[in-house]
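S.K.: after the sequence you'll find the predicted model.
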Amino acid sequence: MTKWPLAVRRGLPALSAVLLLPALLLPGLAAAADLQVRVVDEGGAPVPDAVVLLEGVKGPAAPKAGATMVDQRDEVFTPYVQVIRAGATVTFRNSDETRHHVFSFSPARPLDTQLNPGQSSDALPFDKAGVVALGCNIHDSMVAYVYVADSAHFAVTDAEGRATLAGAPDGPQTLRVWSPRLRPGAPEPTQPVTVAAGAAAEVALKNLLPDSRPDPTQSRY
Amino acid sequence: MALGLRNRLALFLVVTLVAVQLATAATVYGVARRVLIREGQDALEQSAELLDRQLEVLARRLAEGGKILSLDYALRQSIAQREHATVLSALRNFGRRIGADRMLLLDLDGGIAVDTGRPGAEMGGGRFAYPDLMDQATVEGRAAALAVLDGRVWRMVVVPVLAPQPLAFIAILVPVDKGFAGDLRSLSSLSKSIAVVAETSPGAWSVVTSTDTVRDPLRDLPAPGGMARLAPEVRVLGGEEMLVMASPLRTAQGSPAVAVVLQYPLAAALEPYRPIVFWLSVLLVGGLLAALVGTVMIARGVTRPLEALARVARRIEAGDYSPPPPLPERDEIGQLSTALGSMAHAIADREEHIRHQATHDADTGLANRTRLEEVGGMLLADPGRRAALLLVGIERLREINNTLGHEVGARLVADAGARLAGLLGPGALVARVADTDLAVLLPDMDPAAVPDAAARIAATFEAPYAEGDLSVDLAVAVGAALAPDHGLTVTALLQHADVALFAARRADPPIRLYDAAADPRRPERLSLMGELKEAIEQDTLALHYQPKLDLATGRLSGAEALVRWIHPKRGFIPPDSFIPLAEETGTIRRLSRWGLGTAARQLRAWTDQGLALRLAVNLSVRDLADATLPDHIAGLLAEHGLTPDRLVLEITESAIMGEPDAAISVLKRLADRGLDLAIDDFGVGQSSFAYLRRLPVRELKIDKSFVLTLASQPQDQAIVRSIVEVGHSLGYSTTAEGVEDAAALELLRAMGCDSAQGYHIARPMAAAPLAEFLAASPWAPVRLETGVA
């Protein structure tokens, strides 16, 4: 892995973006557009499970609010990463035959819930923006993230590293990206974008950690 | 001093063996050493790798402990909730559990939140010096490295605290100390000599920990910055050969350097080879002993027979030719021994042959003079032992040789030797000492028996020598000399026997015992000659004159001059004692000249007294070899005014027999000058009248042996008468010598003999008594005619 001198790494934004700006050909009255975002790493490989959002854009409540679920099946949290709007709730369900002990020490939402097999928790409110790292005190390998966004426009990249910010207001915006592969304590990279119809952005994340999700075939420790 | 064969062999073997053994030892040692160095190098390389791996294992062990700790829910909760007091206690507890001296809780940004190793400041402060470890731990789940912290070297493991994303990091620190070195050493395959060194102050190494066996680990270590692994190499440390290797250890980024020094003592590694060295030494010593013993034995096998052969050779050198004792060896030495034996035999044969040749006469095979001297020498070496040496002279041998050849002569001599040997038995030694002379050595001979033995010898030669048809009459003369009476050496005896033989040849029977008094070769006679010369020069000799009577006239007609020598010390010396010697030595010629000179003066004196006496002077045959004699005599006569007829020269009959023509010519020249010549001692020699006819002789002096007994011996009368008559008829005048009585004088006168001389008339007398005698004699001397005087 590339080692960066500490001072340099600290002094520069972690994001170095290559911005693709297809021109808005029609300066009309259209108020919103879909922003296609692609997140890659330094080598150009897609980064799945990355959260992209437009900073500080308030808008109508997400259609999925209140229906968010984190399932625990086969000793895996599913989904691995999901993003919710602050104020939304998350329900934890244990679909396994074993007991699980969901915890979070994240300041955004500390959590300590034990779930018996087949049990589901109440819909737990996530009011504070921030990343909530979820673990199971019984199964070290179970990791999941709930990103609590204070924006109305967010998405999670798919396996191709692609995500669509639908209905984003036109005009210049700040695109923020988070990935579990960002280094601990590292700030979330941001990138200015201009939303317009057919606009697309690509964000390259530097200095990423490897995907820490356990390979089911082997235990890392 | 040259080394003996044995020592040379031993030296060669010892040197060779030692050289081979040393070369072997050197080779073995060299190979072993190379192998060991190679092994040591491999071992050190392996040790270094092993050390790396071991560090990794240890780190992993620590990390696993740390990982478990980091997953402790309560700890994570405490960390998440920043309950650092709880965290501190938990870390201390855990540190004790896993044996870590010091544990740190690190914030994600590298700040030290909790530090168990800093009493009083446990709640942190400051930043962790090795953030790279945190990065690595984030990525890899753990990070481990050696690092220097607060002046100490630590094994450091950093693990993240996951909740489940990293909350913080825990650093586990275990000091690198004695215990660490011990741990390393307990790994069986690792080098036992390990030192960990660190750059605890910038640019300089210092030893952090080491095992006891490490020596001087900092020596020749390159400077810390960027040190690469040093390949193992041989160094001498503390007087011991060591393979030394240094390898930098992985340290945290930014940490001062830490390295490990590994040593591999070659001596210790050579330990397993000690027995080889020992057994090689034993082999060397054993081999040397075996070689020495073997050498000595083999060399003895060679040198002993050689020494024995050398002794044999020395014995042969000393003349002992008895065959050497046979050597048991069948090898070359045995052959040499055999060869030496046959050589000795051959030498003995040859020496015997040479010896025989040297001691025997080649012609006759009889012993020779050398043999005689050898045998006689041994015999006479015994003091007081009696012996007789008889010298047998074979007469006429020269004539036989000339006539019948030398081969016959040689056989004749051999026959003579055989006769003598047969006659005298084995005790006698017969040797040929001269062509014609055989010597007979008779040991233990009684002197009284010698004449009889000589007579028997003479008798044994009466039988003639016969060879085929040839028959030769033999005649021998025998001279004898006795030991110890006549000499104590063979040479002396031979010389004296020769003198006796010389005398015997003129004797009848021809046998003589040596008579010292008659020996002309006695040494004192040689000194006599010197004194005679002196006497001649100093004119201390004298002439005496014996008157001669003319029988026809009854007057004294002349005299014969006879030399008289009165020696100042010895007194009167008879002429027989020095005349023959003077003849031999040649002194006679001086004596003759002196006599002639004196006679001339006497004639002058007589002439002056009116006497017409004639004077006869004896000449030696050696005088006749002097061609100047006639002139000399003529000169004398002239000097003294004498006529030649006054001087008569007498020559002994035997002296002129067989003389060369030169002597005869001198005689003729004398006669031509008017000198009369007389033959002295006529009648006893072998002269014949026929021979005399060749000589200018006027007078014959009849030998006194016929005259002394003339009156009583009719035979002598017949002889004298015959001589007188024949002489007269041939024209010679005759003079009888040795007339000692009147009867003889009367007979001579009756026979017609011209002159007489002898005691009856007068003895020889000096000039002065002669004058008186002449004056008083009944016979008047002839006088000069007055007219002439």
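M.R.: Perfect, I can see it now. Given the structure is predicted, the values throughout are model-derived calculations rather than measurements.

S.K.: tell me how many other residues surround residue B:121.
M.R.: Residue B:121 has 11 neighbours, counted by other C-beta atoms under 10 Å in any protein chain shown. Placement of C-beta: from N, CA and C, glycine included.

S.K.: residues contacting whatever residue of chain A ends up closest to chain B?
M.R.: Across chain A, the shortest distance to chain B (C-beta to the nearest C-beta) belongs to residue A:105, at 3.1 Å. Counting by C-beta atoms under 8 Å, 6 or more residues apart in numbering or on different chains, residue A:105 makes contact with A:133, B:76-77, B:79-81, B:163, B:167.

S.K.: just the buried ones from those residues?
M.R.: A:133, B:76-77, B:79-80, B:163, B:167 (16 or more other C-beta atoms under 10 Å in any protein chain shown).

S.K.: let's see which of those residues end up in strands.
M.R.: Counting by DSSP state E, the part of the buried ones among the contacts of residue A:105 found in strands is A:133, B:167.

S.K.: for the residue of chain A closest to chain B, phi and psi?
M.R.: When read as degrees, to the nearest 10, the backbone of residue A:105 gives phi -100, psi 10.

S.K.: which of the buried ones among the contacts of residue A:105 has the weakest pLDDT?
M.R.: Scanning the buried ones among the contacts of residue A:105 for pLDDT, the smallest score is found at residue B:163, 81.

S.K.: number of residues surrounding residue A:213?
M.R.: Residue A:213: 15 neighbours (other C-beta under 10 Å).

S.K.: next one, pLDDT for it please.
M.R.: Looking at residue A:213, its pLDDT is 75.

S.K.: contact partners for residue A:166?
M.R.: A:34, A:153, A:155.

S.K.: got these as TSV, with neighbour count columns?
M.R.: TSV is the format used below for those (neighbours: other C-beta atoms under 10 Å in any protein chain shown):
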residue	neighbour count
A:34	17
A:153	27
A:155	19
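
S.K.: what's the closest of the residues you listed to residue A:178?
M.R.: residue A:155 (11.7 Å; C-beta to C-beta).

S.K.: quick revisit: would JSON lines of the contacts of residue A:105 with distance to residue B:760 be doable?
M.R.: Output for the contacts of residue A:105, formatted as JSON lines (distance: C-beta to C-beta, whole Å):
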{"residue": "A:133", "distance to residue B:760": "202"}
{"residue": "B:76", "distance to residue B:760": "197"}
{"residue": "B:77", "distance to residue B:760": "201"}
{"residue": "B:79", "distance to residue B:760": "196"}
{"residue": "B:80", "distance to residue B:760": "201"}
{"residue": "B:81", "distance to residue B:760": "203"}
{"residue": "B:163", "distance to residue B:760": "198"}
{"residue": "B:167", "distance to residue B:760": "196"}
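
S.K.: list the buried residues in the helix or strand hosting residue B:471.
M.R.: If you go by DSSP states H and E, residue B:471 is part of strand B:470-472. Neighbour counts over strand B:470-472 (16+ other C-beta under 10 Å) mark residue B:472 as buried.

S.K.: biggest separation within the contacts of residue A:105, which pair?
M.R.: A:133 and B:81 (14.7 Å).

S.K.: thinking residue B:169 is in contact with residue B:111, fair?
M.R.: No - taking contacts as C-beta atoms under 8 Å, residue B:169 lies outside contact range of residue B:111: 10.4 Å.

S.K.: who touches the helix or strand hosting residue B:88?
M.R.: Secondary-structure element containing residue B:88, defined by DSSP H and E: helix B:84-98. Residues outside helix B:84-98 that contact it (C-beta under 8 Å, 6+ apart): B:62, B:65-66, B:69, B:72, B:74-75, B:78-79, B:100-105, B:113-114, B:116, B:122-124, B:170, B:172.

S.K.: C-terminal to that helix, what's the next element?
M.R.: Counting by DSSP H and E, what follows helix B:84-98 is strand B:102-107.

S.K.: what lines up beside that following strand in the sheet?
M.R.: Strand pairing for strand B:102-107, determined by DSSP bridges: strand B:112-115 (antiparallel), strand B:166-175 (antiparallel).

S.K.: tilt between the helix or strand that the longest one is followed by and strand B:166-175?
M.R.: Taking DSSP H and E as the definition, the helix or strand that follows strand B:166-175 towards the C-terminus is helix B:178-186. Orientation of helix B:178-186 against strand B:166-175 (axes from the mean of the first three to the mean of the last three C-alpha atoms, to 10 degrees) gives an angle of 80 degrees.

S.K.: which residues are in contact with residue B:625?
M.R.: Residue B:625 sits next to B:662-663, B:666 when contact means C-beta under 8 Å, 6+ apart.

S.K.: okay, and for chain A, where does confidence drop off?
M.R.: In the prediction, chain A carries residues with pLDDT under 70 at positions A:1-30, A:59-67, A:214-221.

S.K.: ok, residues contacting the helix or strand encompassing residue B:208?
M.R.: Element membership of residue B:208, judged by DSSP H and E, is strand B:204-210. With C-beta under 8 Å, 6+ apart as the test, strand B:204-210 has contacts from B:153, B:176-178, B:180-181, B:194-200, B:217-218, B:221, B:224, B:258-259, B:261.

S.K.: confidence score at residue B:440?
M.R.: Looking at residue B:440, the pLDDT reads 91.

S.K.: SS state for it?
M.R.: Per DSSP: H, G, I helix; E, B strand; the rest coil, the local secondary structure of residue B:440 is strand.

S.K.: who's in contact with it?
M.R.: Going by C-beta under 8 Å, 6+ apart, residue B:440 touches B:389-392, B:420, B:424, B:428-431, B:457.

S.K.: pull out the buried members of the contacts of residue B:625.
M.R.: Buried members of the contacts of residue B:625, counted by 16+ other C-beta under 10 Å: B:663, B:666.

S.K.: between the contacts of residue B:625, which is closest to chain A?
M.R.: Closest to chain A, out of all of the contacts of residue B:625 and judged by C-beta to the nearest C-beta, is residue B:662, at 153.4 Å.
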